[in-house]
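Colleague: With the sequence up front, the predicted model follows.
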Amino acid sequence: MKDSKFLRALDLQKNSIPPVWFMRQAGRYLPEYQAIRKNYSNFLDMCKQPKICAELALQPIDRYGLDASILFSDILTIPDALNLGLGFYEGEGPKFSNPISSPQDIDKLMPFDVNNLDYVFKAVEETKNLLPKNIPLIGFCGSPWTLAAYSIEGGGSKDFNKTKIFMKENPDELQKFLEILSNACYEYLRQQVLSGVNALQIFDSWADLLVNNELNRFSLKYTQMLTHLLKADPVTANIPIILFEKSPNKKIVDILFEEITCASLHWKEDIKKVAKKLKNKYAIQGNLDPKILLNSDESIWDETQKICNVMKDYPGFIFNLGHGITPDIDPCKVQVMINAIRQ
């Protein structure tokens, strides 16, 4: 796929116009997504329909002509496969009926069987069949820490107090769970690659919950375990890996390690400062604040151009948002952003 600007950027090559895609690009802000979503009371039921997932993944590609597609799925498929009883209902977010509430729950976990997630790999195949040949497909998983936080908390949360208490009272048992999740993520991403994805992104969506040495001990250690496994495997050794750390309590330049290809920056990061440190070492993806898309067209244009101007000489720059796109965004505003990148 030599004519992909996205893959060239991941290979630290310059593009005259930066490639663009954005996190949660297929989703609730699009009317065509809503037309399909209304047919499912539980979001996860929709995620288990490979043909529907492929159709949803193609919607933003068809609308905007983006430079990469991302698998339509959810980061919590692995905990669901571990029989934690995942459900998504309108207006509620993810809920687990069998969360990890004690160390004994970790001991009683059923072994991870990657075949339980066959619907995801079929969605990869269906999406690849529909995508234009020059548009790569990104596969993904949640980081082991992010999956653990959801699994212990029993769903989303503003403070994740239950998870923090579990971490302080049962650090060894938590690390045992993180190792289980790391191996599961490896098997899961490996199978995505076998099914046809061209790059991988790891979402450490709850990195900001961890302070001081906790980030190394409970998150980065296991993300590294996962990437070590991927790079040691001939199937996945040459697949580029993007890491998204959500507002970590540590400088992003001190977080990155050898196996990572690209740093996907949260919107709070100073892209200019990071670029100075990472030039010719890592690709950079980011990092417009999604809230900018609620502003005037002129403001969107100006803020987008600022990032493009800062990064115009950076070999390996991919334009993206600094977090997932939110449901309150007007799709026309996204087009303004894309026009500002490609003018």
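Modeller: Right, received. Where do you want to start?
Colleague: how close does the nearest residue to residue 31 once chain neighbours are set aside sit to residue 203?
Modeller: Among residues not flanking residue 31 along the chain, residue 331 sits closest, at 7.4 Å (Cβ to Cβ, 6 or more residues apart in numbering). C-betas here are computed from N, CA, C, even on glycine. From residue 331 across to residue 203, the span is 23 Å (Cβ to Cβ, to the nearest Å).
Colleague: Give me the more crowded residue out of those two.
Modeller: residue 203 (21 against 16; other Cβ atoms under 10 Å).
Colleague: Now do the more buried one against residue 126, distance only.
Modeller: 22 Å.
Colleague: by contact count, what packs against the host helix or strand of residue 162?
Modeller: Here residue 162, judged by DSSP states H and E, is contained in helix 161-169. Judged by 3 or more Cβ pairs under 8 Å, 6 or more residues apart in numbering; DSSP states H and E, helix 161-169 is in contact with helix 144-153.
Colleague: What segments of the stretch 101-250 of the chain are helices?
Modeller: Here the stretch 101-250 of the chain has its helices, by DSSP state H, counting those that start in this stretch, at 103-107, 118-130, 144-153, 161-169, 171-195, 214, 221-232.
Colleague: Go through the fourth one and flag the buried ones.
Modeller: It refers to helix 161-169. Buried residues in helix 161-169, counting neighbours by 16 or more other Cβ atoms under 10 Å, are found at 162, 163, 164, 166, 167.
Colleague: with these in mind, which one is nearest to residue 317?
Modeller: residue 163 (34.7 Å; Cβ to Cβ).
Colleague: Quick one: end-to-end length of stretch 34-44, please.
Modeller: End-to-end distance of stretch 34-44 (Cα to Cα, to the nearest Å): 15 Å.
Colleague: Tell me where the model's unsure across the stretch 151-300 of the chain.
Modeller: By pLDDT under 70, the stretch 151-300 of the chain contains no weakly predicted segment.
Colleague: which residue is nearest the centroid of this protein?
Modeller: Compute the mean C-alpha point of the chain, and by Cα atoms, centre = their mean the closest residue is residue 203, 4.1 Å away.
Colleague: Please report how far it lies from residue 156.
Modeller: Relative to residue 156, and taking Cβ to Cβ, residue 203 is found at 14 Å.
Colleague: got it, and residue 88?
Modeller: Distance from residue 88 to residue 156, by Cβ to Cβ: 10 Å.
Colleague: Compare the two (neighbour count), which wins?
Modeller: Neighbour count, other Cβ under 10 Å: between residue 88 and residue 156, residue 88 has more, with 19 against 14.
Colleague: wait, the more buried one sits on residue 41?
Modeller: No - assessed by Cβ atoms under 8 Å, residue 88 is found out of contact with residue 41, at 9.4 Å.
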